[in-house]
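> 3D, please:
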Amino acid sequence: MKRLFILSSLLLTQTLFATHLSIYDSGMALVEEEKSFHFDTQTETLLYEDIAQSILTDSIAVTLPKNINLQAINFQRSNLSLHTLAQAFIGKKVYYKNKSYKLTAINASDAFIQKDGPITPVNLRELSYPFVPKMLHSKNALLLKIKQSYKTEAKVKLRYLANKINFTTDYTLELNKKSAELTGWVSITNNTNKEFRDANVQLLAGDLHRVRKAVEHPVMYKTMTISNDAPVASTMPSHKSMQGYHLYTIPFKVNIKPQESNRIKLLKKKSIHYTKSFHLRASNPLYLMGERSMQATQSIAFKLADTALPKGIVRIYSQAQKEQPSLLLGEATIQNSAKNKAISLDIGKDFDTKLTQRLIKRKDTKTKLDAIIEYTLTNNADKAKSVTIAIPFTPRSDAKIITDEAYRYTKGNLATFTLTVEANSQKSFVAEFINKRR
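This next block holds a predicted model:
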């Protein structure tokens, strides 16, 4: 007799030995598992249960015991429900209030039962059944068709890609007067229907090329689990560069339930030297009319000599005075950043620093644009500030800037001026911009 081995509530025929998750920051994970099965000479099919519903079926790889060949794989979605269970017992014996009846028919919510008399309608939820048919299973499964089986107890290894598993990174940067402290966290989100128990987890940060990408829709998490609120260094994920990506290995096993997010500390760096700067992106001088004012943006810059940072949100905090609560100064995002890379974060507009651009004169002709602009920086703070003004102006051979103030070009087309403005004062300069009409 051909045998189909099933994991059900009545009989355990497969045992999970190991789960390994490699999670990518693109909404996908590589799942690797091992389960133990009993084979004999009559085994032709195996039901490998508890598969993520978001599986990419063309990524499935199965390793069977030696000399047992895999012929076909059929992905079967969970099909056990109140309705399908009742449907399987139409014309058969069921139980209602501990008495046996024949189930004659069903509809969306009711069952119709009979016992030596008239047919009685009852609610489907009130029926009981003697067993669960093998054709019904509560979890997604792979039906593996094999040949040339023999008697053995062996592991079956399974590997597949699944969508709807993701990790994101966020950071807190605490600013002190002389240095900063950076703490990084990863949030692993499981939006599949599968629970990963005691999983060994790796996180791979980088821009992974994929042939096609599924569009994921955000969901509300039911719960949030925080792992290791203040771990020591030895319990933080280890990090290494691998094939152009950055791999972070979590040193403890993780339970990731469906529709939950696990938050794990990634790194902690103290005594980080940082600099603060103020900058503005001015209007195009050749199209400025009248007068325009804008506030400066304040930025924080730092560099980590030995640490690569996955992309994520950075929240910057600082204390006004000791013994007082920290205040949020702003939020910024970073992309995947290699070690030794300078990281600059725009944290918000500076309340006390303003740039006023005023058109003094136009000297346009039919062949050229010519504008004379006055730039005035106002610093209402009690400390002097160095402020950078970037003015969009392409340095072509027929274009020129006439000014007494020093400048340089940055990013190819930004005439960049850096001025020091004393406390509670103003500083101005005039520049003439000449360019050929297009």
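
> Helices of the stretch 151-300 of the chain, residue ranges please.
Here the stretch 151-300 of the chain has no helices by DSSP state H, counting those that start in this stretch.

> which residues of it fall in strands?
Assigned by DSSP state E, counting those that start in this stretch, the strands in the stretch 151-300 of the chain fall at 152-163, 165-175, 180-190, 196-205, 223-227, 238-242, 245-249, 254-256, 260-272, 274-281, 291-303.

> worst average pLDDT in these?
Within these, confidence is poorest for strand 223-227, with a mean of 39 (mean pLDDT).

> quick revisit: turn the strands of the stretch 151-300 of the chain into TSV, including distance to residue 59.
The way it works is simple: take the backbone N, C-alpha and C, and place the C-beta from them, glycine included. Converted to TSV, the strands of the stretch 151-300 of the chain look like this (distance: least, C-beta to C-beta, whole Å):
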stretch	distance to residue 59
strand 152-163	4
strand 165-175	13
strand 180-190	18
strand 196-205	16
strand 223-227	28
strand 238-242	20
strand 245-249	18
strand 254-256	20
strand 260-272	24
strand 274-281	43
strand 291-303	39
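
> Which one of those lies nearest to residue 56?
strand 152-163 (4.4 Å; C-beta to C-beta).

> ok, back up a step: format the strands of the stretch 151-300 of the chain as JSON lines; extra columns: distance to residue 101 and mean neighbour count.
JSON lines is the format used below for the strands of the stretch 151-300 of the chain (distance: least, C-beta to C-beta, whole Å; neighbours: other C-beta atoms under 10 Å):
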{"stretch": "strand 152-163", "distance to residue 101": "41", "mean neighbour count": "17"}
{"stretch": "strand 165-175", "distance to residue 101": "45", "mean neighbour count": "21"}
{"stretch": "strand 180-190", "distance to residue 101": "42", "mean neighbour count": "20"}
{"stretch": "strand 196-205", "distance to residue 101": "39", "mean neighbour count": "20"}
{"stretch": "strand 223-227", "distance to residue 101": "41", "mean neighbour count": "13"}
{"stretch": "strand 238-242", "distance to residue 101": "61", "mean neighbour count": "13"}
{"stretch": "strand 245-249", "distance to residue 101": "57", "mean neighbour count": "18"}
{"stretch": "strand 254-256", "distance to residue 101": "42", "mean neighbour count": "18"}
{"stretch": "strand 260-272", "distance to residue 101": "41", "mean neighbour count": "18"}
{"stretch": "strand 274-281", "distance to residue 101": "76", "mean neighbour count": "17"}
{"stretch": "strand 291-303", "distance to residue 101": "74", "mean neighbour count": "17"}
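
> Ok, which of those comes nearest residue 403?
strand 274-281 (16.6 Å).

> so what does that closest one touch, helix or strand wise?
Here strand 274-281 touches strand 291-303, strand 342-362, strand 385-392, going by 3 or more C-beta pairs under 8 Å, 6 or more residues apart in numbering; DSSP states H and E.

> is it true that residue 115 touches residue 97?
No. Contact between residue 115 and residue 97 fails when scored by C-beta atoms under 8 Å: they sit 11.4 Å apart.

> Between these two, which is the more surrounded one?
residue 115 (13 against 9; other C-beta atoms under 10 Å).

> can you tell me which residues contact that one?
99, 100, 101, 102 (C-beta atoms under 8 Å, 6 or more residues apart in numbering).

> Drop anything exposed from those.
Buried members of those, scored by 16 or more other C-beta atoms under 10 Å, are 101, 102.

> Turn the contacts of residue 115 into JSON lines, including pLDDT, distance to residue 128 and secondary structure.
Output for the contacts of residue 115, formatted as JSON lines (pLDDT from 0 to 100; distance: C-beta to C-beta, whole Å; DSSP: H, G, I helix; E, B strand; the rest coil):
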{"residue": "99", "pLDDT": "92", "distance to residue 128": "10", "secondary structure": "strand"}
{"residue": "100", "pLDDT": "94", "distance to residue 128": "10", "secondary structure": "strand"}
{"residue": "101", "pLDDT": "94", "distance to residue 128": "10", "secondary structure": "strand"}
{"residue": "102", "pLDDT": "94", "distance to residue 128": "14", "secondary structure": "strand"}
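
> CSV for the contacts of residue 115, including distance to residue 126?
What follows is the contacts of residue 115, written out as CSV (distance: C-beta to C-beta, whole Å):
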residue, distance to residue 126
99, 12
100, 14
101, 11
102, 15
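
> Can you tell me which of the contacts of residue 115 is nearest residue 191?
Closest to residue 191, out of all of the contacts of residue 115 and judged by C-beta to C-beta, is residue 101, at 41.4 Å.

> give the contact list for the closest one.
93, 94, 95, 113, 114, 115, 120.
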